[in-house]
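Q: turn this into a model:
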Amino acid sequence: MRPLTSALILEQQSFRSQLLEALKILPVRIVLDQGGFGSWPVVREKLERLQPDVLLMDLADQAEQRFTYIQQVRALASAPAVIVFHDNDDSKLILQAMRAGAAEFLSLPLEAGALGAALVRISKLATVGQGLKDGGGRLLAFLAAKGGAGATTLACNVSSIMGQSAGLQVLLADLDMETGNVAFAMKASSQYSIIEACRNINRLDMHYWKGLVSNGLPGLKILTAPAELRGVEVPQGVEVRQVLRFARTIHDYSVVDLPSSLNRLTMAVLEDADQVFLITTSDLPSLHLAKRTLHTLLQAGYPPGKLGLVMNRTSRRDEVTPEDIARNLGQPVYWSFPDDPENVTDFYIRGGTLSPQSELGKSIRQFIQKLSPETTTTPVPPQKKKSFLGL
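A: Numbers count the residues shown, from 1 in each chain. This is a model prediction of the structure:
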């Protein structure tokens, strides 16, 4: 079992002494220990700040109120798993606790090994029990042939729409250190970035990771680029690869937005990517750079099967067809996205996701279905518009 952090909220002291004794031999660090919930806003602030992996609580004599607390705890953005303790092995109480959101219900006095077994189950659910296969989730890289090709827009919307699929956990990572447009596009705010993740690789665990990433839409976490690069040492490719490898143990999909240049960091990430989408528009400068990028990657031994050439902002008025591009660049066109400037502008104003009714929004959902046929997405509810440019 990997190390866990825990919070104890126990009114009955006899319960507390039993649990502390059982925890002595387990890799669990207690970050909060208090008797009873007291004021919910105060407890909520502590849980949001400390972000424990698991909450150990008793039902005491006010079971109905405790069920409400469980629901409130599980509704937190970084909700801990909840283990409920009671001295009455009542099937009705167990059912109510589970319906409220408890992960485990244990009777006291504790049987030998019962708490350890429960924590092992929770640890597995938190790391590898989220639909991961073959040792980890998939890494998808979006690389623009030149700046302004729309790679960030596509990376943001692919990841956020995939996150709407039931049971999927998706990471959106901004590795374009100079522009850092993901945070602006997704309206994500965090005091930490990929820089802190790389500086603290030896500290990476589920608890530390929760503090690094920003909460996006349901099922989506965001790892931003630094807000500014002045005085910041750009991380090495090997460090970024280690961070992304860790992320793959947690997330079903990790979507990375890369800079348009094939620098060392970009090449290092491409080494581990399951699929790379090279984004280009139909203008000649973009196609020229796309051809050069394809040539560089293929000459470096990158597998052609992992490269997906993606046309963005296509229109019926385009004189160049996908067949022309495939013949000229020596690579088939994996997908073509329509030009949809009005809805893209609206997306950057309000953040979140492109309207599912928009032409581009529909095309992205079809793209995801081709990429991952098992993924089923549901439209997000309409959001209120923000002020012009969302500033």
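
Q: this structure: strands as residue ranges?
A: 4-9, 28-34, 54-58, 81-86, 104-107, 138-144, 170-174, 214-215, 220-223, 253-257, 275-280, 307-314, 333-338 (DSSP state E).

Q: tabulate the ones you listed (TSV), appending distance to Val238, mean pLDDT and mean neighbour count.
A: (Glycine included, C-beta is placed from N, CA and C.) Output for those, formatted as TSV (distance: least, CB to CB, whole Å; pLDDT from 0 to 100; neighbours: other CB atoms under 10 Å):
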stretch	distance to Val238	mean pLDDT	mean neighbour count
strand 4-9	28	91	22
strand 28-34	29	91	16
strand 54-58	33	92	25
strand 81-86	33	89	24
strand 104-107	39	84	20
strand 138-144	15	97	25
strand 170-174	16	96	28
strand 214-215	25	85	17
strand 220-223	17	95	26
strand 253-257	16	97	27
strand 275-280	19	97	24
strand 307-314	23	96	23
strand 333-338	29	97	19
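
Q: now for those, which one comes closest to Arg365?
A: strand 333-338 (11.5 Å; CB to CB).

Q: to Cys156, which of the strands of the chain lies closest?
A: The nearest among those, by CB to CB, is strand 170-174 at 6.5 Å.

Q: how far off centre is that closest one?
A: Computed by CA atoms, centre = their mean, to the nearest Å, the chain-centroid distance of strand 170-174 equals 5 Å.

Q: that strand pairs with which strands, parallel or anti?
A: strand 220-223 (parallel), strand 253-257 (parallel) (DSSP bridges).

Q: how about TSV for the strands of the chain, with distance to Ala75 added?
A: Output for these, formatted as TSV (distance: least, CB to CB, whole Å):
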stretch	distance to Ala75
strand 4-9	16
strand 28-34	18
strand 54-58	13
strand 81-86	12
strand 104-107	19
strand 138-144	29
strand 170-174	20
strand 214-215	13
strand 220-223	17
strand 253-257	24
strand 275-280	35
strand 307-314	38
strand 333-338	36
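
Q: about what we covered before: any chance of TSV for the strands paired with strand 170-174, columns distance to Val158?
A: Putting these into TSV (distance: least, CB to CB, whole Å) gives the following:
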stretch	distance to Val158
strand 220-223	11
strand 253-257	6
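
Q: closest one to Asn200 among these?
A: Nearest to Asn200 among the strands paired with strand 170-174 is strand 220-223; the distance by CB to CB comes to 12.9 Å.

Q: skip the chain neighbours and tell me the closest residue to Leu360.
A: Nearest residue to Leu360 in three dimensions, chain neighbours excluded: Asp340, at 3.8 Å (CB to CB, 6 or more residues apart in numbering).

Q: any idea how far the one you found lies from Ser355?
A: 10 Å (CB to CB, to the nearest Å).

Q: try Arg74
A: 30 Å.

Q: now Pro52
A: 38 Å.

Q: more neighbours: which of those two?
A: Pro52 (24 against 19; other CB atoms under 10 Å).

Q: I figured the more buried one hits Ile9, correct?
A: No: Pro52 is beyond contact range of Ile9, at 10.4 Å (criterion: CB atoms under 8 Å).

Q: got any residues that touch both of the two?
A: Common contact partners of Pro52 and Ile9 (CB atoms under 8 Å, 6 or more residues apart in numbering): Leu32.
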